[in-house]
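Q: no FASTA, just this:
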């Protein structure tokens with residue numbers, strides 16, 4: 001994502017195959033920065049870096065290509081040396097305009113993005129990075145261990161922390177058994193990754209070379225095949241009227257079937273270089289208002305994605321002082337969630353974006369703020385060991401549920417174990433799930449936009465599965481996907497119910513066929529599959 005652009009750009013010129021090249025690349029960078037920007041071009045790129053040229057555009061994210069052998073090591077070295085240089089520049093007191101100007105020159109010659117996209121992204125993130133490196137002695141080894149993971153950088157430091165599990169012994173494991181035939185069940189709806197685009201413009205260019213297209217800034221399409229269509233486009237995020245239609249369809253097809261709705265985050269679009277705090281709040285509020293309008297009498301339990309904040313992915317903890325304190329976001333989102341959550345849950349949410357409450361006498365809902373593990377949340381450079389003590393809080397919540405004989409459903413956004421989640425955070429989360437396998441009956445995620453699941457294993461016996469995380473497909477079409485939602489059937493509604501998911505049904509419509517039908521014909525939804533029927 002663009003969030004990595006500033007780092008990639010500033011470190012690219014410092015890639016070193018060995019120590020002898022370091023001085024050469026420093027001279028190369030000095031040459032770039034001492035030359036008027038309008039005279040700098042691709043000829044300034046050192047030959048040693050040209051092997052990475054096919055991967056520069058969009059940071060290899062929009063149309064991913066496999067890195068050649070050794071490229072990851074090269075990228076790691078580049079990251080470490082480049083970030084050390086950036087940290088030194090900031091600590092020497094260079095004005096932020098100078099840092100931004102240098103990054104912009106590099107972005108342009110590497111052609112990471114178009115000039116205005118580079119400018120917007122750099123202006124969004126540079127102040128944040130400058131603030132972070134002035135608040136803590138961040139090293140390039142630490143920062144790159146977070147960003148790139150694997151074996152890069154100071155992995156032992158970044159991943160060397162743990163969360164204490166309770167001294168209370170783990171209850172004896174009771175293997176799950178299917179409910180008796182005819183047992184009552186309840187259904188719940190999950191809506192994931194809406195990515196609403198309020199600037200979506202019919203007829204605009206959908207085949208643009210920007211991170212997101214079909215917007216009012218992308219101009220008119222050159223040929224009909226490249227025009228943004230009424231219902232949406234596989235190359236873009238979703239228009240608001242399509243989301244309204246989706247909700248209306250769900251109400252008509254399933255309105256009385258499910259008890260509540262889970263919204264698992266990512267409400268704004270992918271136009272991150274154009275965004276602002278107000279822009280992201282407007283997109284989020286539009287999603288919430290539409291859900292409230294169409295389902296006024298349904299319980300709705302939301303969690304946050306990585307796109308709600310500004311800049312995207314930026315989630316400091318509440319102990320941070322100054323204008324980067326997240327209260328601007330959490331307080332406003334709590335207003336949007338009012339009426340859905342009890343007051344104590346809203347107050348908890350306003351602290352650091354996570355909450356819990358008792359749904360009924362047998363089930364507790366816990367919403368996790370997974371942004372505390374997102375590797376491109378630069379605020380992890382300040383606090384990477386259980387930020388906001390969220391996992392410690394989770395242990396306390398699960399222990400209280402266990403002692404009270406309650407079951408728990410966890411909803412979140414980024415699945416732990418996903419490459420976007422810090423390895424140590426995912427490891428500690430998995431330990432917690434293993435300890436409380438008799439309490440946590442289901443986990444619900446989004447983020448990947450794909451239809452997936454994650455299996456959690458016993459930390460003492462890695463051959464034994466203890467829990468499943470259901471990863472729902474996205475509402476947005478970005479990129480190349482049909483809109484989808486999911487309905488789960490849960491063993492519940494009677495005393496002693498397990499609250500385990502016993503089936504899931506995924507519904508989609510074909511975007512190409514919907515656009516052929518035109519604006520006066522509603523998309524035709526169909527059940528893609530039932531997990532129980534199709535997978536056994």
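A: Here it is on my side, so go on. Please read all numbers here as calculations on a predicted model, not as lab measurements.
Q: wait, residue 374 sits on residue 420?
A: Yes - the pair residue 374 / residue 420 is scored as a contact, 5.8 Å apart, by CB atoms under 8 Å. Where you see a C-beta, it was placed from the backbone N, CA and C, and this is true even at glycine.
Q: so what sits against both of the two?
A: Common contact partners of residue 374 and residue 420 (CB atoms under 8 Å, 6 or more residues apart in numbering): 306, 414.
Q: mind checking which helix or strand of the protein has the lowest mean pLDDT?
A: Across the helices and strands of the chain, mean confidence by mean pLDDT, DSSP states H and E is lowest for helix 5-12: a mean of 49.
Q: So between residue 374 and residue 420, which is more surrounded?
A: Using other CB atoms under 10 Å as the criterion, residue 374 and residue 420 rank with residue 374 on top: 26 against 19.
Q: what's the neighbour count on the nearest residue to the more buried one once chain neighbours are set aside?
A: Among residues not flanking residue 374 along the chain, residue 306 sits closest, at 5.3 Å (CB to CB, 6 or more residues apart in numbering). The number of residues packed around residue 306, counting by other CB under 10 Å, is 22.
Q: got it, and residue 68?
A: Using other CB under 10 Å, residue 68 has 12 other residues around it.
Q: can you check residue 184 too?
A: 10.
Q: The stretch 251-400 of the chain: strands as residue ranges?
A: Along the stretch 251-400 of the chain, the segments classed as strands by DSSP state E, counting those that start in this stretch run 260-263, 299-302, 355-358, 363-367.
Q: can you give me the strands for the stretch 101-250 of the chain?
A: 185-191.
Q: Off-centre distance for stretch 507-519?
A: With CA atoms, centre = their mean, to the nearest Å as the basis, stretch 507-519 stands 27 Å off its chain's centre.
Q: just to revisit the earlier point, wait, doesn't the residue nearest to residue 374 sit right on residue 373?
A: No - taking CB under 8 Å as the definition, residue 306 is not a contact partner of residue 373, at 10.2 Å.
Q: How about residue 326: what's its closest non-neighbour residue?
A: residue 316 is the one closest to residue 326 (CB to CB, 6+ apart), at 5.7 Å.
Q: Look up how far residue 529 lies from that neighbour.
A: 41 Å (CB to CB, to the nearest Å).
Q: For these two, indicate the residue with more neighbours.
A: Neighbours per residue (other CB under 10 Å) separate residue 316 from residue 529, with residue 316 holding more: 26 against 14.
Q: Return the residues in contact with that one.
A: Counting by CB under 8 Å, 6+ apart, residue 316 touches 324-326, 379, 382.
Q: Need those residues in JSON lines (columns: neighbour count, distance to residue 311 and pLDDT).
A: As requested, those are exported to JSON lines (neighbours: other CB atoms under 10 Å; distance: CB to CB, whole Å; pLDDT from 0 to 100):
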{"residue": "324", "neighbour count": "15", "distance to residue 311": "10", "pLDDT": "93"}
{"residue": "325", "neighbour count": "14", "distance to residue 311": "15", "pLDDT": "96"}
{"residue": "326", "neighbour count": "23", "distance to residue 311": "12", "pLDDT": "97"}
{"residue": "379", "neighbour count": "24", "distance to residue 311": "11", "pLDDT": "98"}
{"residue": "382", "neighbour count": "17", "distance to residue 311": "16", "pLDDT": "97"}
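Q: and the residue nearest the centre of the chain, how far is that from residue 315?
A: Central residue of the chain (CA atoms, centre = their mean): residue 306, 4.0 Å from the mean position. For residue 306, the distance to residue 315 (CB to CB) stands at 8 Å.
Q: Mind listing the shared neighbours of these two?
A: Residues touching both residue 306 and residue 315 by CB under 8 Å, 6+ apart: 371, 374, 377.
Q: And the pLDDT at residue 19?
A: What the model reports as pLDDT for residue 19 is 64.
Q: do residue 36 as well
A: At residue 36, pLDDT is 80.
Q: The one 10 residues further on too?
A: pLDDT, the model's per-residue confidence, is 69 for residue 46.
Q: what does residue 255 give?
A: On the pLDDT scale, residue 255 gets 88.
Q: If you drop the residues flanking it in sequence, what lies closest to it?
A: Residue 255's closest residue in space is residue 295 (CB to CB, 6+ apart), at 7.8 Å.
Q: From residue 302, how far out is that neighbour?
A: Noted for residue 295: a distance of 13 Å to residue 302, by CB to CB.
Q: can you check residue 491 too?
A: Residue 491 is 24 Å from residue 302, where distance means CB to CB.
Q: Which one's more surrounded, these two?
A: Higher neighbour count among residue 491 and residue 302: residue 302, with 26 against 23, using other CB under 10 Å.
Q: who's in contact with that one?
A: Per CB under 8 Å, 6+ apart, neighbours of residue 302: 262-265, 288, 333, 336-337, 340, 367.
Q: same check, this time on residue 238
A: By CB under 8 Å, 6+ apart, residue 238 lies in contact with 194-197, 200, 232, 475-478, 483.
Q: ok, now with 7 Å
A: When contacts are counted by CB atoms under 7 Å, 6 or more residues apart in numbering, residue 238 touches 194-197, 232, 475-477.
Q: Neighbours of the residue lying closest to it once chain neighbours are set aside, how many?
A: In space, and not counting its chain neighbours, residue 238 is closest to residue 476: 4.8 Å by CB to CB, 6+ apart. Residue 476 has 25 neighbours, counted by other CB under 10 Å.
Q: okay but residue 476 is in contact with residue 193, surely?
A: Yes - counting by CB atoms under 7 Å, residue 193 is a contact partner of residue 476 at 5.6 Å.
Q: Quick check, residue 213 in contact with residue 205.
A: Yes - the pair residue 213 / residue 205 is scored as a contact, 6.1 Å apart, by CB under 7 Å.
Q: between the two, who's got more neighbours?
A: Higher neighbour count among residue 213 and residue 205: residue 213, with 26 against 23, using other CB under 10 Å.
Q: Next, the contact list for the more buried one, please.
A: Residue 213 sits next to 205-207, 235-236 when contact means CB under 7 Å, 6+ apart.
Q: hmm, back to that, what about the contacts of residue 302, which are in helices?
A: Using DSSP state H, the subset of the contacts of residue 302 located in helices is 288, 333, 336-337.
Q: Show the buried residues in these.
A: Buried members of the ones in helices among the contacts of residue 302, counted by 16 or more other CB atoms under 10 Å: 288, 333, 336-337.
Q: any chance you could map the helices in the stretch 251-400 of the chain?
A: 277-294, 327-337, 343-352, 390-404 (DSSP state H, counting those that start in this stretch).
Q: So for residue 536, which of those sits nearest?
A: Comparison of those against residue 536 by CB to CB identifies helix 390-404 as nearest, at 30.5 Å.
Q: From residue 470, how far off is residue 487?
A: Distance, residue 487 to residue 470, by CB to CB: 11 Å.
Q: quick one: which of those two has more around it?
A: residue 470 (23 against 20).
Q: and that one, that one's in a strand?
A: Yes - assessed with DSSP: H, G, I helix; E, B strand; the rest coil, residue 470 lies in a strand.
Q: residue ranges with poor pLDDT in this structure?
A: 1-30, 33, 46, 48-49, 61 (pLDDT under 70).
Q: same thing but 80
A: In the predicted model of the chain, residues 1-34, 37-38, 44-56, 58-71, 74-75, 77-78, 81-82, 85-86, 102, 536 satisfy pLDDT under 80.
Q: Next, count neighbours for the closest residue to residue 349 other than its chain neighbours.
A: Distance criterion CB to CB, 6+ apart; nearest residue to residue 349, sequence neighbours excluded, is residue 355 at 4.3 Å. Applying other CB under 10 Å, we find 26 residues neighbouring residue 355.
Q: Enumerate every residue touching residue 355.
A: Contacts of residue 355 by CB under 7 Å, 6+ apart are 341, 345, 348-349, 367.
Q: Residue 434 too?
A: Contacts of residue 434 by CB under 7 Å, 6+ apart are 456, 458-459, 466.
Q: Of those residues, which is the nearest to residue 44?
A: Nearest to residue 44 among the contacts of residue 434, counting by CB to CB, is residue 456 at 48.6 Å.
Q: Since that was my last question, I'll sign off now.
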